[in-house]
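[1] what would the 3D arrangement of this be:
(5 chains)
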Amino acid sequence: MRFFGRTRYSIGELARLRQIVRPSGHTMILPYDQFIEHDNRHIEAESDAGNPHYICELAQEGGYNAVAIHYGLAKRYWTTLMGRIPLLLKINGKTSIPSGEPLSVLTGSVEDAVRMGAVAVGYTMYYGSSRQDEDIPQLAKVRQECDRYGMPLVVWAYPRGSAVDAKGGKDCSYMVESAARMATEMGASVIKINLPKAAKPDFFENSGVPEYYRKLEKELQALPAKEQLSERAKRAVAAAQGTPVLFSGGEQINDDDLIENTKACIDAGCFGFIFGRNMWKRKKEDALKLTRMFQEMIDKS
Amino acid sequence: MRFFGRTRYSIGELARLRQIVRPSGHTMILPYDQFIEHDNRHIEAESDAGNPHYICELAQEGGYNAVAIHYGLAKRYWTTLMGRIPLLLKINGKTSIPSGEPLSVLTGSVEDAVRMGAVAVGYTMYYGSSRQDEDIPQLAKVRQECDRYGMPLVVWAYPRGSAVDAKGGKDCSYMVESAARMATEMGASVIKINLPKAAKPDFFENSGVPEYYRKLEKELQALPAKEQLSERAKRAVAAAQGTPVLFSGGEQINDDDLIENTKACIDAGCFGFIFGRNMWKRKKEDALKLTRMFQEMIDKS
Amino acid sequence: MRFFGRTRYSIGELARLRQIVRPSGHTMILPYDQFIEHDNRHIEAESDAGNPHYICELAQEGGYNAVAIHYGLAKRYWTTLMGRIPLLLKINGKTSIPSGEPLSVLTGSVEDAVRMGAVAVGYTMYYGSSRQDEDIPQLAKVRQECDRYGMPLVVWAYPRGSAVDAKGGKDCSYMVESAARMATEMGASVIKINLPKAAKPDFFENSGVPEYYRKLEKELQALPAKEQLSERAKRAVAAAQGTPVLFSGGEQINDDDLIENTKACIDAGCFGFIFGRNMWKRKKEDALKLTRMFQEMIDKS
Amino acid sequence: MRFFGRTRYSIGELARLRQIVRPSGHTMILPYDQFIEHDNRHIEAESDAGNPHYICELAQEGGYNAVAIHYGLAKRYWTTLMGRIPLLLKINGKTSIPSGEPLSVLTGSVEDAVRMGAVAVGYTMYYGSSRQDEDIPQLAKVRQECDRYGMPLVVWAYPRGSAVDAKGGKDCSYMVESAARMATEMGASVIKINLPKAAKPDFFENSGVPEYYRKLEKELQALPAKEQLSERAKRAVAAAQGTPVLFSGGEQINDDDLIENTKACIDAGCFGFIFGRNMWKRKKEDALKLTRMFQEMIDKS
Amino acid sequence: MRFFGRTRYSIGELARLRQIVRPSGHTMILPYDQFIEHDNRHIEAESDAGNPHYICELAQEGGYNAVAIHYGLAKRYWTTLMGRIPLLLKINGKTSIPSGEPLSVLTGSVEDAVRMGAVAVGYTMYYGSSRQDEDIPQLAKVRQECDRYGMPLVVWAYPRGSAVDAKGGKDCSYMVESAARMATEMGASVIKINLPKAAKPDFFENSGVPEYYRKLEKELQALPAKEQLSERAKRAVAAAQGTPVLFSGGEQINDDDLIENTKACIDAGCFGFIFGRNMWKRKKEDALKLTRMFQEMIDKS
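    Okay, the predicted model is just below:
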């Protein structure tokens, strides 16, 4: 539980989170909420990725520490695992279909998670969206329910929306760091972020970007690629101020990049990984091989 | 408790507020909600300002009478102080990212504050924003919860929005005085305002500005700088009609100006100060020195 | 209670309203919600008008039958009167700062009024505003709460908004009569209106104005000033169909006009007056003198 | 309101209690809950005592400051008074039919009282009954509702039950004083007691009676009748420790005794009287004459 | 806060309990619930003991760390202290009048305590009473409310009832130790007990007394008086297993015995004292002198 000693946790959080912590203190989680987020497109895969039974199988054979899914899949498929793989119940979501400023709305509740014996709930916060005035109180209420039941709250801290696009984009360090911090302010038990990248070129022209981050971004972009990656990862973990950080894999990328990224995240002191498409869109044997490799990497750190 | 004898307070308010009152009757509070309000930019500091543990340390060493923070920081960091520094739980907030008419939405609740043993809740009211039709009832509900639990309500009375910009701007006396009054009308236990400044030049052309304030502003601008400052501070305190007033420090400014402003506020009869960036962005030793100086100034008055 | 015999009232309404009824059956109420409605401008006065303690003093010395104020002032200042002057708790309001179609939102609740021992709640309905779709259900809910607790509901029936401006303006007989009727339809216990005046010149060109009122307006405008005033007052009272009507004083006007208006209202059979600015912006001795004069006038009728 | 300055009252209590306070600061209340407490026997009267309409008439003609009745009579009869005589809603009661340890159970609620515009609720507490374990929490809940709505709570503080009988009886000073004190401890706004009398002879033999009260009782019994009466009344008022005390008339007694008792109570500093059977069982003209006499006596003190 | 480091406390408990802890880590509390528990007999005192205003005075002048009273006294009298002396709200009680197996029933609620800004609630648990089947769930519910609001729970752990009388009596070590342990098991934040004494003679004959305690009692009784006292105190504190223990003074006793007992309790490592009758039944000057002496004794330990 070495990642949970930097700040205070309730006993309910600790008693539940222990179940997803590897002996090394790290974790590796299989997320599978993408069929809400990205419509049905991911059935184009080298595996039986569209079938939730397959995901359960993969989670079990891969020795994942949890699966992150919505209520319907939890009730109909995960239940067949008889609790062998811990459940991280994702309780909000948004489809890919309408455009406009994003808001991720409730698909389930903390009480659903309690009833199913989940070890945590997952919540997507769209930092910087102009609909944050609906998002923030919704998250606050979920957090209050989590407090009431001693349920850990994993916040997907995702910068999004037109104002974010105008201030460097959803993946730049300025936005990812601010989102990670916001999740800590809101009371997240664990924070999930994407590995930050360079800001969009118009970043330097937006008068709303603070001087500090303009200067920083210039310095980061001047670094060699590998160092830059590493520096951005470290800063993002630091921005969470001690709240354990999970890195997501994001879109499916080539193996070398994925390994490179993973190393940078581990060196940055992350709590663990939550890799979805990079796992379940591959052939099962490849996915299992890669899983084992990452587990070894992370357990050594 | 000399600032709480001008109007009526419930016993719950008094029993809690006594904990933040210095023997001199004044108070000095350390606010740290800026990492929500201004994104992560303030990690650019001469101190470890981004780290909530540092803030707790500063509050304790500086002998602050309370820290004003959001739920996440209260739960994870402030708890390590074991109740030694009183908690003012800020329960609404707004990020700096999207623009548009501002509304500060709930990040926590009065019951959260009760459960943590907080001595007050803090609420930001954006006076004059076109979203006040959401803000006012939200504040009224928070106030009702405060009444139910005997919890003091500290209102950040901030003029904001395009109509405010067109009528002299968020810092002019007309706006600050009207916002302070509004907070009293809504039932604030304590009011936090910024020190008023001269109105923007187009103030005199806006037909919506009352004759009284046009005339007043001309007279104020005709005064020597120091007198003007003093007069604006006095008027702002008077506008609250006996509800104790806290002045905030606002942006980090140079020491001479900060001291000048502080004197004017003390002479105006304020209850105390709530200085954040002007404290935790400095080197710790400087912050502690300045803190002590202000405490001495205020205790003498 | 002669004004409450024309239609049915619940016993809770009667038991509370009796406290604001003079032996003559009339009433005279001191309203003081203008520091929300018109910002802080009214501190420009010949008296200590900005100070709620002064208002309490004036109400007591003047023998007013109630004061109409918002929650903050009730809790902090009115309480010092120990219940000697009945409280009419105003539970919605709107600041003067942002423009746009008006909606008066909740600043308090019927339960607040019950807990404080108020004799009635006051609610501002903006008849004809394009935001009436929010206003009407909000009023309906307040009325339901009033029913639950036996609390009288005094409706400020104010025509407002761009459609009203285009159909004669907020003060014309067509609008005031329609608003008074609307308040009766919504279940008001007592209705507060402004004394109607001539319609704006473009009234006759707006095709949305009913033929009846075009013809009427022409006839009214053809009458001598005094008769016209009297006729408009009578029609407004009649429009309420037996619900007792209070006339407000509106902006501060000269004494002769105020007395003329008052006579017209009394002759029209109004329940009483609710005079604010015309009282508390004057010197105290003048206000008290005028108060006594109106009380005598009304008690004789 | 001179009787309400010795201890703290909420504004809701004060705003309501003012309605039952005579200009002299005293009160005189007509209770009519005896047709529950004593079955239908009281129709044997020289007046139309069994008819609630008669009681309303008597209250109005006699200028009583309130009537104390149960819900059914309030709803069906008192309402015809249109709020002219304040209502003290009695919300618990007990019939005379079954014997055994007494408990007075709820016949109405505080919310009923609020809805009807009552100025207070009345509650009978049977001090010392072996069913106090049901009585005390029931009273505590009523008191909490009273707090929520600002409703004054008048406690009939009545010693009762076999343990009371064994310790001097329901009317002895030891019991009445202890019951008055208990009502203060429970948060009564006003306390109603019977004028204490000598303890029953076996008082001195019960080992459970405290030494202090044995000694006291001996001293009191040694006093001349008039002095004894006066001393017992004073002690009972003092036992309430500043909570205003109402004396009830109890059973119908002869005029001389009633006047004697009344004088003793007034001298003892009581808040007022609550005389039922001694009024409404007489001929109306006698009742009115006596009422006026007592009002004059009390107003002079 | 040295007494609160042996086991875990919630932040709400700590933030509230800090207010009753002296710089030395100890506490000294003035209890005044005896006018419910022992009827009005304690007005026989060398001071104005029956007057709650006197108790407030004594608490303030004596520098007590809290007063322990029921709701009525808190609302009407303690409020005049404006929060200067922390409130420990006693929320259950029982009168002295009926005999039989004891149960202390609710006179108030945890929410009452929250609203008044109390620092803790007090609850009397009658360990061993045959009515514990009502007592235990009632205490469990109070504790749940305490958890919800972060309110500390001080349990008066009192052995009582016929079974207790038959097994050594309410003051013997066997019973007091068992009751202290029971309070820890139920979740008490602080435990109040009486200093144990020798068991009643028939202790050794009751076959229900465990062998261990029969043997122990014999050994204790064989010790010299002072050592025995000291040993019993130590064992009682130890039985609470780290939950801080308050000793009550019980009946008024002579000064030498009181000092002797106090020393034994301090040596045993108690958190503090809660002395009522031994203080407020004395002359004020004597009470203050004794208070200061005990404060010095306890602060040195």
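[2] and A:Arg115, how many residues sit next to it?
    Neighbours of A:Arg115 under the rule other C-beta atoms under 10 Å in any protein chain shown: 10. For glycine as for every other residue, the C-beta is placed from the backbone atoms N, C-alpha and C.
[3] no, scratch that, I was asking about A:Arg18
    If we define neighbours as other C-beta under 10 Å, then A:Arg18 has 11 of them.
[4] enumerate the residues of the stretch 151-300 of chain A near chain B.
    Residues of the stretch 151-300 of chain A found near chain B (C-beta under 8 Å from any C-beta of the partner chain) are A:159, A:161-164, A:167, A:174, A:177-178, A:180-188, A:208, A:210, A:212-213, A:238-239, A:241-243.
[5] buried among those? Need that as a selection in ChimeraX.
    To isolate the buried members of those in ChimeraX, using 16 or more other C-beta atoms under 10 Å in any protein chain shown:
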select /A:159,161,163,164,167,174,177,178,180,181,182,183,184,185,186,187,188,210,212,213,238,239,241,242,243
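[6] now the phi/psi pair for the residue nearest to A:Ile91 when sequence neighbours are not counted, please.
    Distances taken as C-beta to C-beta, 6 or more residues apart in numbering or on different chains place A:Gly108 nearest to A:Ile91, at 4.3 Å, with adjacent residues excluded. Backbone torsions of A:Gly108, given as degrees, to the nearest 10, read phi -160, psi -170.
[7] try the one 10 residues further on
    Geometry field for A:Ala118 lists phi and psi as phi -60, psi 150, criterion degrees, to the nearest 10.
[8] quick one, what contacts it?
    A:74, A:86-89, A:112, A:151 (C-beta atoms under 8 Å, 6 or more residues apart in numbering or on different chains).
[9] same list (these) but as JSON lines, adding distance to chain C and secondary structure.
    Shown next, in JSON lines, are these (distance: C-beta to the nearest C-beta, whole Å; DSSP: H, G, I helix; E, B strand; the rest coil):
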{"residue": "A:Ala74", "distance to chain C": "38", "secondary structure": "helix"}
{"residue": "A:Pro86", "distance to chain C": "45", "secondary structure": "coil"}
{"residue": "A:Leu87", "distance to chain C": "41", "secondary structure": "strand"}
{"residue": "A:Leu88", "distance to chain C": "40", "secondary structure": "strand"}
{"residue": "A:Leu89", "distance to chain C": "35", "secondary structure": "strand"}
{"residue": "A:Asp112", "distance to chain C": "31", "secondary structure": "helix"}
{"residue": "A:Met151", "distance to chain C": "32", "secondary structure": "coil"}
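[10] out of the residues of the stretch 151-300 of chain A next to chain B, name the ones that lie in strands.
    Using DSSP state E, A:Pro159 are the members of those that sit in strands.
[11] out of the residues of the stretch 151-300 of chain A next to chain B, which sit inside helices?
    The helices, defined by DSSP state H, take in A:162-164, A:174, A:177-178, A:180-186, A:212-213, A:238-239 from those.
[12] excluding residues flanking it in the chain, which one is nearest the residue in the stretch 201-301 of chain A that chain C sits nearest to?
    Nearest residue of the stretch 201-301 of chain A to chain C, counting by C-beta to the nearest C-beta: A:Gly208, 22.9 Å away. Distances taken as C-beta to C-beta, 6+ apart place A:Lys167 nearest to A:Gly208, at 6.0 Å, with adjacent residues excluded.
[13] ok, that neighbour touching A:Val209?
    Yes - applying C-beta atoms under 8 Å as the test, A:Lys167 and A:Val209 come out as touching, 5.3 Å apart.
[14] need the residues touching each of those two.
    By C-beta under 8 Å, 6+ apart, the residues touching both A:Lys167 and A:Val209 are A:174, A:203.
[15] what's the span of stretch A:21-41 from first residue to last?
    32 Å (C-alpha to C-alpha, to the nearest Å).
[16] any idea of the mean pLDDT in it?
    Mean pLDDT, computed over stretch A:21-41, is 96.
[17] for stretch A:207-221, same thing?
    Stretch A:207-221 comes out at a mean pLDDT of 95.
[18] list the buried residues in it.
    Result for stretch A:207-221 [16+ other C-beta under 10 Å]: buried residues A:209-210, A:212-214, A:216-217, A:220.
[19] now do the most centrally placed residue in chain A against E:Arg6, distance only.
    With distances taken as C-alpha atoms, centre = their mean, A:Lys192 lies nearest the centre of chain A, 3.0 Å away. Taking C-beta to C-beta, to the nearest Å as the measure, A:Lys192 falls 38 Å from E:Arg6.
[20] then A:Val190?
    A:Val190 is 31 Å from E:Arg6, by C-beta to C-beta.
[21] picking up where we left off before, host element of the residue nearest to the centre of chain A?
    If you go by DSSP states H and E, A:Lys192 is part of strand A:190-193.
[22] run the chain-centre distance for that strand.
    5 Å (C-alpha atoms, centre = their mean, to the nearest Å).
[23] what comes into contact with that strand?
    By C-beta under 8 Å, 6+ apart, strand A:190-193 touches A:17, A:120, A:122, A:152-158, A:176, A:179-180, A:183-184, A:236, A:240, A:243-248, A:271, A:274.
[24] which of those residues count as buried?
    Buried, going by 16+ other C-beta under 10 Å: A:17, A:120, A:122, A:152-158, A:176, A:179-180, A:183-184, A:236, A:240, A:243-248, A:271, A:274, out of the contacts of strand A:190-193.
[25] within reach of chain D, which of the residues you listed are there?
    Applying C-beta under 8 Å from any C-beta to these, none is adjacent to chain D.
[26] now the residue in chain A positioned nearest to chain C: how far from B:Leu106?
    At 16.0 Å from chain C, A:Asp133 is the closest residue in chain A, using C-beta to the nearest C-beta. Using C-beta to C-beta, A:Asp133 is found at 10 Å from B:Leu106.
[27] how about A:Pro98?
    Taking C-beta to C-beta, one finds A:Pro98 at 26 Å from B:Leu106.
[28] show me where the stretch 1-150 of chain A has its strands.
    Here the stretch 1-150 of chain A has its strands, by DSSP state E, counting those that start in this stretch, at A:27-31, A:66-69, A:87-90, A:92-93, A:105-106, A:120-127.
[29] which strands or helices does the helix or strand A:Met297 falls within pack on?
    Assessed by DSSP H and E, A:Met297 sits inside helix A:284-300. Here helix A:284-300 touches strand A:27-31, helix A:52-62, helix A:255-267, strand A:272-274, helix A:277-280, going by 3 or more C-beta pairs under 8 Å, 6 or more residues apart in numbering or on different chains; DSSP states H and E.
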